[in-house]
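>>> have a look; sequence and predicted model below, questions after that.
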Amino acid sequence: MINLYDYYSQPQELHEYKNRMYLVPMFAFEEIKQGNKDPKLPETIKKDPEFAVLYAATIIHGRWPEAEPFIMKDPHFARYYATDIIKDRWPEAEPYIQQDSQQWLLYKHWFKF
């Protein structure tokens, strides 16, 4: 994938530069949905908890074990992944989810323990 910001001497002055990390994965999702699969994209996406969960939900439609070590380290996305993708408790991620009291309360309420 081409990073157009690499072609400018002062890319920080370009429109949407501060949001560039979100633009590339969203573009990638559209490409994947249209059937243009780049085998390197999942490797890049899996390292970002937000996009890994989005990829699991919209492209895989289920668990993505290769991304779970990255997802579980973010309390918000770990809770979301457990409740909406796994649809069950995720014991390996619970120590990370506990780091955010709001996410932990949502998690406990969802699974009734």
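Received it, and whenever you're ready, just let me know what you need.
>>> surely F111 touches P91?
No - counting by Cβ atoms under 8 Å, F111 does not reach P91; the two are 10.7 Å apart. For every residue, glycine as well, the C-beta is placed using N, CA and C.
>>> so between the two, which is more surrounded?
When F111 and P91 are compared on other Cβ atoms under 10 Å, the one with more neighbours turns out to be F111, at 13 against 8.
>>> chain neighbours aside, what residue packs nearest to the more buried one?
R89 (5.1 Å; Cβ to Cβ, 6 or more residues apart in numbering).
>>> quick one, phi psi at the one you found?
phi -60, psi 150 (degrees, to the nearest 10).
>>> quick one: it from Q102, how far?
Using Cβ to Cβ, to the nearest Å, R89 is found at 18 Å from Q102.
>>> for these two, indicate the residue with more neighbours.
Between R89 and Q102, counted using other Cβ under 10 Å, the more crowded position is R89 (15 against 10).
>>> contacting residues for that one?
By Cβ atoms under 8 Å, 6 or more residues apart in numbering, R89 lies in contact with 82, 111, 113.
>>> per-residue pLDDT, it?
For R89, the pLDDT comes out at 97.
>>> check H61 too.
For H61, the pLDDT comes out at 89.
>>> what's the separation between it and Y55?
Counting by Cβ to Cβ, the gap from H61 to Y55 is 10 Å.
>>> who has more neighbours out of these two?
Y55 (21 against 8).
>>> can you tell me the SS state at D88?
Following DSSP: H, G, I helix; E, B strand; the rest coil, the label given to D88 is coil.
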